[in-house]
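> Give me coordinates for this.
(2 chains)
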Amino acid sequence: DAKTTQPNSMESNEEEPVHLPCNHSTISGTDYIHWYRQLPSQGPEYVIHGLTSNVNNRMASLAIAEDRKSSTLILHRATLRDAAVYYCILRDNTDKLIFGTGTRLQVFP
Amino acid sequence: DAGVIQSPRHEVTEMGQEVTLRCKPISGHNSLFWYRQTMMRGLELLIYFNNNVPIDDSGMPEDRFSAKMPNASFSTLKIQPSEPRDSAVYFCASSSQRTDTQYFGPGTRLTVL
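Numbering: from 1, shown residues only, chains lettered A, B, ... in the order given. Now for the predicted structure:
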């Protein structure tokens, strides 16, 4: 499975944008980039995914580099409820999600 | 929609006892996944089912672990006998198709003394 690299932790202030980076230099052409997050004491939840083009949904935006070797999850206005561990996962057309260590995001009021 | 339901939410047992964790997937979902989360190893996929059939159990740690899915609305993960190193949070997830978004339950926190 292709590997992703994320910073262990990041901090943000409430209502500021947050850019969570992910490096995946060994990504293959069929790998989708998925983001899940895990709020404290909860199971992971889906955030967003994409293949080549940037993607937007109600939770976040996903910016994918042109060479696809990196991507950035963007939270446009962080809230205290966005404090979580964010996982960047590469997934080809298979069933498995392989979770790494993720980025722990702290949001300060 | 009630989401994925897991029971019990917390389980404390003694070493050597049998433990059964239960999961009810989202209605209509065809795939079910069991994960384990520990501080040391993070989130690990143990086993998954598609249409009630086990597809990949390569993540099951050893023979003490077994999982069943007798019907589309129920799955169990059993540990017999349990050991302290099995202490973890066990998550169940379901998806409508094998490669679709997975929806996770709240987890069962297992403590083996």
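> what sits against the residue of chain A found nearest chain B?
Nearest residue of chain A to chain B: residue A:43, at 3.0 Å (Cβ to the nearest Cβ). In short, each C-beta sits where N, CA and C put it, glycine included. Applying Cβ atoms under 8 Å, 6 or more residues apart in numbering or on different chains to residue A:43 gives the contacts B:4, B:91, B:93, B:104-107.
> switch to 6 Å and redo it
Taking Cβ atoms under 6 Å, 6 or more residues apart in numbering or on different chains, we find residue A:43 in contact with B:91, B:104-107.
> Spatially, what comes nearest to it if we skip its sequence neighbours?
In space, residue A:43 comes closest to residue B:104 once its chain neighbours are excluded; the distance is 3.0 Å by Cβ to Cβ, 6 or more residues apart in numbering or on different chains.
> what about residue B:58, which helix or strand?
Residue B:58 belongs to no helix or strand when elements are defined using DSSP states H and E.
> so how many other residues sit close to it?
Residues near residue B:58, counting by other Cβ atoms under 10 Å in any protein chain shown, number 9.
> Tell me what the residue lying closest to residue A:74 once chain neighbours are set aside is bridged to.
Using Cβ to Cβ, 6+ apart and skipping residues adjacent in sequence, the residue nearest residue A:74 is residue A:61, 4.3 Å away. The partner list for residue A:61 in beta bridges (DSSP bridges) reads residue A:56, residue A:74.
> per-residue pLDDT, residue A:61?
Looking at residue A:61, its pLDDT reads 97.
> distance of it from residue A:48?
With distances taken as Cβ to Cβ, to the nearest Å, residue A:61 is found 8 Å from residue A:48.
> Check residue A:8 too.
21 Å.
> Ok, residue B:67 next?
Distance of residue B:67 to residue A:48, given as Cβ to Cβ: 30 Å.
> Contact residues of chain A facing chain B?
Proximity of chain A to chain B, by Cβ under 6 Å from any Cβ of the partner chain, involves residues A:43-44, A:46, A:93, A:95-96, A:99, A:101.
> If we use 10 Å, what do you get?
Neighbours of chain B within chain A, by Cβ under 10 Å from any Cβ of the partner chain: A:32, A:34, A:36, A:38, A:41-47, A:49, A:85, A:87, A:91-102.
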